[in-house]
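Chemist: Generate a structure from the sequence data that follows.
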Amino acid sequence: MADRQQARTGGQLVVDQLLIHGVQQIFTVPGESFLAVLDALYDAPIETTICRQEGGAAMMAEAQGKLTGQPGICMVTRGPGATNASAGLHIAMQDSTPMILFVGQIERSARGREAFQELDYRAVFGSMVKWATEIDDAARIPETIARAFAVATSGRPGPVVIALPEDMLRDAVMVPDARRYQPAPAHAADADVAAVVAQLAAAQNPLIIAGGSRWSAQAHADIAAFAAAHAVPVACSFRRQMVFPALHGNYAGDVGLGVNPKLIERIKQADLVLLLGGRMSEVPSQGYSLLGIPASSGQRLIHVHPDPDELGRVYQADQAVVAAPDSFCAALARQPAAAPRAERQALVQQAHADYLAWSNPAPIQVPGALQMGQLMGHLREVLPADTVWCNGAGNFATWVHRFWPFTHYGSQLAPTSGSMGYGLPAAVGAKRLNKQRSVVCIAGDGDFLMHGQEFATAVQYQLPVIVLLIDNGMYGTIRMHQERDYPNRVSATELRNPDFVAYAKAFGGNAALVEKTEDFAPALAAMRSWAEQHQLPVILHCKLDPQAITPARSLDQIRGTGV
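Modeler: Alright, predicted model coming up:
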């Protein structure tokens, strides 16, 4: 790091502040607008991942923010670089993930002339992120970056955008560094925690729905211990299964897309619902139909969230508690165990039995030679329990969300925003964080090619990521809705795909084609072995019958049902 008694350029100041705040990795597509930062990174102990498209870079940073709870860092150039990265910002906002995007900007003297790639980043990203700003004076870099880390991690975490004018980054100034940021704690008062526990104890049919961010491995253990001691079933919100162990006796399933009908009924019949950490937004609430808005009749609601602005925004809770899930779960774990009640134990056992039956892939049969239920059964047998699963958007994701038991914290990277193309960049981000951990990306054919070029990034950094590419030759989710509402009028949903085996090999990885169920196990074993031996990514190109659109119904069975 530079001598603090000497003048430093804006580019050097940016890198010095990142080091102070504990940054170890950044993701970037380089641009001439922030060459001064790239030059400062040359001498810095920060791993720089060079990506192939800014959207992929932003998603990698978001994935690391989701796994670590610390802001993922992305750097892109102005104009198209920044707008390409916007999908990652949208994911970070809707998923409540801490992230900072640095954007190179035009020179200050050229503002307002619609200069080359000029954008007003406060206006462009103002409604998409927690805070968007631009640094005019290099002397304010330490102050601004410290504030960015605080904003990204406090309350409801989220993304921050900082624009860096090119000429400002070349200015040399003398300015002291900021201190390392400290996330603002969000602790519940003892009286609030005691009141929540008392209400759970008094309820006949309570349910906890865990979601949101600001969780940790310790919170994962704490909520499991509390649920067992107090006989409360726990469900997880949409794409948040990693916050509660699926094989725990109190687990009731996840509230997302294609949810277990028995779990839906359980939520409706609950006399007390504790929303712990999440927002219960459109998808988990099944189109805002599960809980009364603004208030439920005959059902008590407790809402625990780290951001006071979120409490009362949609749901009027009987008790609203400002607290982060990690600190609140720690407080719950300190509560004395409740006296066992037979009827509550029976409730918990039935809820878990319903989950186990729903998540068993063995009975599932779909059209075609490739049976996804059997594939998931095999994956459950051979993959490590703490495998990190990464996916974007599409019906293919249902097979993981429903049939993989998420038992470890930090094992799920999936956008609640439903952003396509997220899986492969997220897998790269996860593998860059911990190369020893098993990382699997599951993607549809349309989903994969949104950011398939990041396979080259996985090759460049020798990341043995496994990609399960489920190919049905169409944008399957849209086709499903299309056939439901506009039967036999196929429009804009068919795809002509490349040879994905050749694709993987062209980048320097490897791949195998799987067209029948019996071919999957040996192909997976061969690809896993090759990936580990060569430290390179692989693709299993799985050809799925287009009729196998969901685990429950075929495309023909869905056709016209919405008319």
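Chemist: Count residues in the vicinity of Val490, would you?
Modeler: Neighbour count for Val490, taken as other CB atoms under 10 Å: 12. C-beta coordinates here come from the backbone N, C-alpha and C atoms, glycine included.
Chemist: scratch that, Gln6
Modeler: Neighbours of Gln6 using other CB under 10 Å come to 9.
Chemist: Next, the contact list for His220, please.
Modeler: By CB atoms under 8 Å, 6 or more residues apart in numbering, the residues touching His220 are 242-245, 408-409.
Chemist: which stretches of this protein aren't confidently modelled?
Modeler: For the chain, residues meeting the criterion pLDDT under 70 lie at 1-4.
Chemist: Quick check: phi and psi on Gln319?
Modeler: Main-chain torsions, Gln319, degrees, to the nearest 10: phi -140, psi 120.
Chemist: Double-check it against Ala194; I have them as touching.
Modeler: No. Counting by CB atoms under 8 Å, Ala194 is not a contact partner of Gln319; they are 11.3 Å apart.
Chemist: quick check, nearest of the contacts of His220 to Arg559?
Modeler: For the contacts of His220, the minimum distance to Arg559 (CB to CB) is 35.2 Å, reached by Met242.
Chemist: Touching, the closest one and Ser411? I think so.
Modeler: Yes. Shown here, Met242 and Ser411 form a contact pair, counting by CB under 8 Å, at 4.9 Å.
Chemist: if we can go back for a sec, can you list which of the contacts of His220 are found in strands?
Modeler: Among the contacts of His220, no residue falls in strands (DSSP state E).
Chemist: Name the nearest of the residues you listed relative to Arg279.
Modeler: For these, the nearest to Arg279 is Val243 (14.0 Å; CB to CB).
Chemist: For that closest one, give me its contacts.
Modeler: 210-211, 215, 219-220, 223, 236, 277, 325, 409.
Chemist: Show the buried residues in those.
Modeler: With burial judged by 16 or more other CB atoms under 10 Å, the buried subset of these is 210-211, 215, 219-220, 223, 236, 277, 325, 409.
Chemist: Now render those residues as CSV, adding distance to Tyr475.
Modeler: Below are those laid out as CSV (distance: CB to CB, whole Å):
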residue, distance to Tyr475
Ala210, 32
Gly211, 28
Trp215, 32
Ala219, 37
His220, 35
Ile223, 37
Cys236, 27
Gly277, 32
Pro325, 35
Tyr409, 33
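Chemist: Would you mind putting the residues you listed into CSV with distance to Ala229 and secondary structure alongside?
Modeler: What follows is the buried ones among the contacts of Val243, written out as CSV (distance: CB to CB, whole Å; DSSP: H, G, I helix; E, B strand; the rest coil):
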residue, distance to Ala229, secondary structure
Ala210, 16, strand
Gly211, 21, coil
Trp215, 19, coil
Ala219, 15, helix
His220, 16, helix
Ile223, 11, helix
Cys236, 19, strand
Gly277, 19, coil
Pro325, 18, helix
Tyr409, 19, coil
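Chemist: Let me know the closest of those residues to Glu47.
Modeler: Closest to Glu47, out of all of those and judged by CB to CB, is Tyr409, at 23.5 Å.
Chemist: Trp358: which of the contacts of His220 is nearest?
Modeler: For the contacts of His220, the nearest to Trp358 is Phe244 (15.6 Å; CB to CB).
Chemist: Keeping just the C-alphas, turn stretch 131-146 into CSV.
Modeler: Extracted in CSV, the C-alpha atoms of stretch 131-146 (Å, rounded to 0.1, in the frame of the first residue of the first chain):
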residue,chain,number,x,y,z
TRP,A,131,-27.4,4.5,-3.3
ALA,A,132,-26.0,5.8,-6.5
THR,A,133,-23.3,8.6,-6.5
GLU,A,134,-20.4,10.1,-8.3
ILE,A,135,-17.1,11.3,-6.9
ASP,A,136,-16.1,14.7,-8.2
ASP,A,137,-13.1,15.3,-5.8
ALA,A,138,-10.4,12.6,-5.3
ALA,A,139,-10.0,13.8,-1.7
ARG,A,140,-13.5,12.4,-1.0
ILE,A,141,-12.8,8.9,-2.2
PRO,A,142,-12.1,7.5,1.3
GLU,A,143,-15.3,9.1,2.7
THR,A,144,-17.5,7.9,-0.1
ILE,A,145,-16.2,4.4,-0.3
ALA,A,146,-16.6,4.0,3.5
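Chemist: got the contact list for that stretch?
Modeler: 9-10, 13-14, 17-18, 21, 100, 105, 108, 121-122, 124-126, 147-148, 151, 160-165, 168-169, 171-173, 175-179, 181.
Chemist: from the residues you listed, which would you call buried?
Modeler: Of the contacts of stretch 131-146, these count as buried by 16+ other CB under 10 Å: 9-10, 13-14, 17-18, 21, 100, 105, 121, 124-125, 147-148, 151, 160-165, 168-169, 171, 175, 177-178, 181.
Chemist: Surely Ser419 is in a strand?
Modeler: No. Applying DSSP: H, G, I helix; E, B strand; the rest coil, one finds Ser419 to be coil, outside a strand.
Chemist: show me what contacts it?
Modeler: Taking CB under 8 Å, 6+ apart, we find Ser419 in contact with 59, 87, 90-91, 392-393.
Chemist: From these, which land in helices?
Modeler: Members of those lying in helices (criterion: DSSP state H): 59, 87, 90-91.
Chemist: By neighbours, which of those residues wins?
Modeler: When those are compared by neighbour count (other CB under 10 Å), Met59 ends up highest, at 39 neighbours.
Chemist: Which of the buried ones among the contacts of stretch 131-146 fall within helices?
Modeler: Short answer: the buried ones among the contacts of stretch 131-146 in helices (DSSP H) are 10, 13-14, 17-18, 121, 124-125, 147-148, 151.
Chemist: Distance check, Arg179 against Ala152.
Modeler: From Arg179 across to Ala152, the span is 16 Å (CB to CB, to the nearest Å).
Chemist: check contacts around Val232.
Modeler: For Val232, counting by CB under 8 Å, 6+ apart, the contacting residues are 200, 206-208, 226, 250, 274, 344, 348.
Chemist: between those, which is closest to Tyr486?
Modeler: The closest of those to Tyr486 turns out to be Leu207 (CB to CB; 37.4 Å).
Chemist: what about Lys431, which SS state?
Modeler: With three-state DSSP as the criterion, Lys431 reads helix.
Chemist: ok, how many other residues are close to the nearest residue to it once chain neighbours are set aside?
Modeler: Of all residues not flanking Lys431 in the chain, Leu463 sits nearest, at 4.2 Å (CB to CB, 6 or more residues apart in numbering). Applying other CB under 10 Å, we find 23 residues neighbouring Leu463.
Chemist: pretty sure Leu463 contacts Lys435?
Modeler: Yes. With contacts counted by CB under 8 Å, Leu463 reaches Lys435, the gap being 6.9 Å.
Chemist: so who does the closest residue to Gly292 other than its chain neighbours touch?
Modeler: Spatial nearest neighbour of Gly292, chain neighbours left out: Gln299 (7.2 Å); criterion: CB to CB, 6+ apart. Gln299 makes contact with 270-273, 291-292, according to CB under 8 Å, 6+ apart.
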